[in-house]
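1. Fold the following and give me the result.
(2 chains)
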Amino acid sequence: MKARGLTWALLPALLLAACLASVSVGPYSKVGIVQVFEALSGRGAPSTYLYILSYRLMRTAAAIVIGVSLASAGASLQYTLRNPLVDPYLAGVSSGALLGVTLMIYLGHTGFLELYVAALAGGLATLAAVTLISLLAGGGASTFLITGVAASYVLTGVTMFLMIGLGPKLPGALYWMFGSVAFVTRPLLLRSAAVAALSIAGIATLTRYINTFMLGDDVAKSLGVSTGLLRTTVFALASSATSAVVAMSGPVGFIGLVSPWLARRVYGSSFSLALPAAAMIGATLAVASDIAARLILYPSEAPLTAVTSVFGAPLLVYILLKSRGESPW
Amino acid sequence: MKILNDVSFEHEGGTLVVIGPNGSGKTTLLRSIAGLTRYSGVVEIEGLSPARYRNYMSYVPAQPSLDPMARGLDIGLAMNYRSPGNLWRQHFREWLATFGVEGLTNRAIFTMSSGEQRLLLIAAALSRTPRLLLLDEPTAFLDMTNQAKVMKVLAELSRSGVTIVMATHDLHYASLADNVAVLSKGRLVAFGSPREVLNEGLLSKVYSVSIKKVNDDPPLFLPGLF
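-> Next up, the predicted model:
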């Protein structure tokens, strides 16, 4: 496929362009693309400009971490479960994180760090529970899906009960749910990036084994692959990367679903190629969505998940229509 | 649930064909040798347990579930996930060429017929250069041309030292084997050379239908449905 070679050059270029645009855009129109180059060339810009640039850089970095994590998690789950409808939130981690955050707000703790910890704890606890229950129920592919869906419903229901009792504090919880990279601070970003990086590195080392899922459980097992254990491991790694990212910026939708689809269109069924491709696509989509979030309701900000959903869904439909003859779904 | 009862045999090299009615335990027997089912007793292949013999054997199930979106070449890659280097690629292409289906490397599974998928999987299994080949109904879904191709390949492999254990419904292949195992309701009711094992009486009893020998050399059996 000729598209492949071209894409390897194109993807990083797109990402770089998106990053450049991201750093140049914002409510402080005095700081634009010209100022970016001025600062890069070291010609000494006013400190306020540098401050704004570094803030935007932080957002861009956060968006990249989100995009890479969600896309990698989504890709590994889609290839492992051989199901194109799977997204990184299938373990219910975003519902668990939301419950944690709502609980924190309910109890009166609204600091960034507290909410971060609550979200992370909620997400990981949900992951542990879903994994445990799935293993007890046999560990097959559909078991994870069903248990995750059930967990999502239960946790969302409980969260709704809590939200009723929040009163005037409700908007805070809702804004968290909308997703944003505007409030990411350096320590939070580094923590989340570390957890996500470790998880994704773990997935990357399992690439060879993940490839055997396409043969079916029987043949894979005959080759010596412990399919149940591998599935559980991928599930856990993908969901912890997702948890880390959700804790940092709230649940950002669609990127984890769409990026593997786009990667698959070009790279087909080889997970070893699809994973890095999906990661780069995810990063680019996330940065682009953040730019859009800043521009749509200029000078105020649109919620990130709203942007990814509203633009992501038509993108998905476009892919479906485009690949009508090429896939069995 | 115990499917096989008291099955005991020794087979040295060449082809072993396992026959028997549906539900007699043929697939379970193959899966036990492949190390995919729990069993009580001993399974030894060249002195090794199935788990330790994995690298030397290839298993092709009766109903594979391949990812519809996978490409032919990726299937070969996945089968050889443990082998470094590209030697398997050459073997894979050679086997596909022998079966006359080289074009499958670039096609997705969902565009292939069941016969083509079967040939692809067999080629992939062979690209691992196994010493033991476990085939569950390899000729199902194959037209006569492809059946002949596969059986010819298996005969050559058998002559060159690969051990083949094959479960099949086709009594014709049983008569060409080195050893035949007849299963009935989970029990091994006969084991030995085709000449010893295949006779009208035993087959009629096992298959619950009147079977007639319609040719002597090679021995051919047909169900008498009239």
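2. all contacts plus neighbour counts: C-alpha atoms, from now on.
-> Fine.
3. Distance check, residue A:128 against chain B.
-> Counting by Cα to the nearest Cα, to the nearest Å, the gap between residue A:128 and chain B amounts to 28 Å.
4. Please enumerate the helices of chain B.
-> B:26-34, B:50-53, B:72-79, B:87-99, B:114-126, B:144-159, B:171-176, B:194-197, B:200-207 (DSSP state H).
5. tell me which parts of chain B are close to chain A?
-> Contact residues (Cα under 8 Å from any Cα of the partner chain) of chain B with chain A: B:34-36, B:51, B:54-55, B:58-61, B:64-71, B:74-75, B:78-79, B:81-82, B:110.
6. Format the helices of chain B as TSV; extra columns: mean neighbour count and mean pLDDT.
-> Below are the helices of chain B laid out as TSV (neighbours: other Cα atoms under 10 Å in any protein chain shown; pLDDT from 0 to 100):
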stretch	mean neighbour count	mean pLDDT
helix B:26-34	22	93
helix B:50-53	18	91
helix B:72-79	24	93
helix B:87-99	18	93
helix B:114-126	23	93
helix B:144-159	15	90
helix B:171-176	20	88
helix B:194-197	16	88
helix B:200-207	16	89
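7. quick one: which of those is nearest residue A:305?
-> Closest to residue A:305 of the helices of chain B is helix B:72-79 (Cα to Cα; 35.2 Å).
8. Same list, the helices of chain B, but as a markdown table with distance to residue A:116 please.
-> Below are these laid out as a markdown table (distance: least, Cα to Cα, whole Å):
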| stretch | distance to residue A:116 |
| --- | --- |
| helix B:26-34 | 49 |
| helix B:50-53 | 46 |
| helix B:72-79 | 40 |
| helix B:87-99 | 49 |
| helix B:114-126 | 49 |
| helix B:144-159 | 61 |
| helix B:171-176 | 67 |
| helix B:194-197 | 72 |
| helix B:200-207 | 68 |
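9. of all the ones you listed, which lies closest to residue B:222?
-> helix B:171-176 (8.3 Å).
10. residues making contact with that closest one?
-> Helix B:171-176 has contacts (Cα atoms under 8 Å, 6 or more residues apart in numbering or on different chains) with B:17, B:18, B:19, B:180, B:194, B:195, B:198, B:218, B:219, B:220, B:221.
11. So the third one versus chain A, what's the distance?
-> Read it as residue B:19. With Cα to the nearest Cα as the criterion, residue B:19 and chain A are 21 Å apart.
12. buried subset of the residues of chain B next to chain A?
-> B:34-36, B:54-55, B:58-61, B:64, B:66-71, B:74-75, B:78-79, B:81, B:110 (16 or more other Cα atoms under 10 Å in any protein chain shown).
13. Out of those, list just those in strands.
-> B:58, B:59, B:60 (DSSP state E).
14. who are the neighbours in contact with residue A:74?
-> Contacts of residue A:74 (Cα under 8 Å, 6+ apart): A:86, A:87, A:88, A:238, A:256, A:257, A:259, A:260.
15. Go through those residues and flag which are in helices.
-> Short answer: the contacts of residue A:74 in helices (DSSP H) are A:238, A:256, A:257, A:259, A:260.
16. if we can go back for a sec, as JSON lines, the contacts of residue A:74 with neighbour count would be great.
-> Formatted as JSON lines, the contacts of residue A:74 follow (neighbours: other Cα atoms under 10 Å in any protein chain shown):
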{"residue": "A:86", "neighbour count": "18"}
{"residue": "A:87", "neighbour count": "24"}
{"residue": "A:88", "neighbour count": "30"}
{"residue": "A:238", "neighbour count": "28"}
{"residue": "A:256", "neighbour count": "29"}
{"residue": "A:257", "neighbour count": "27"}
{"residue": "A:259", "neighbour count": "30"}
{"residue": "A:260", "neighbour count": "32"}
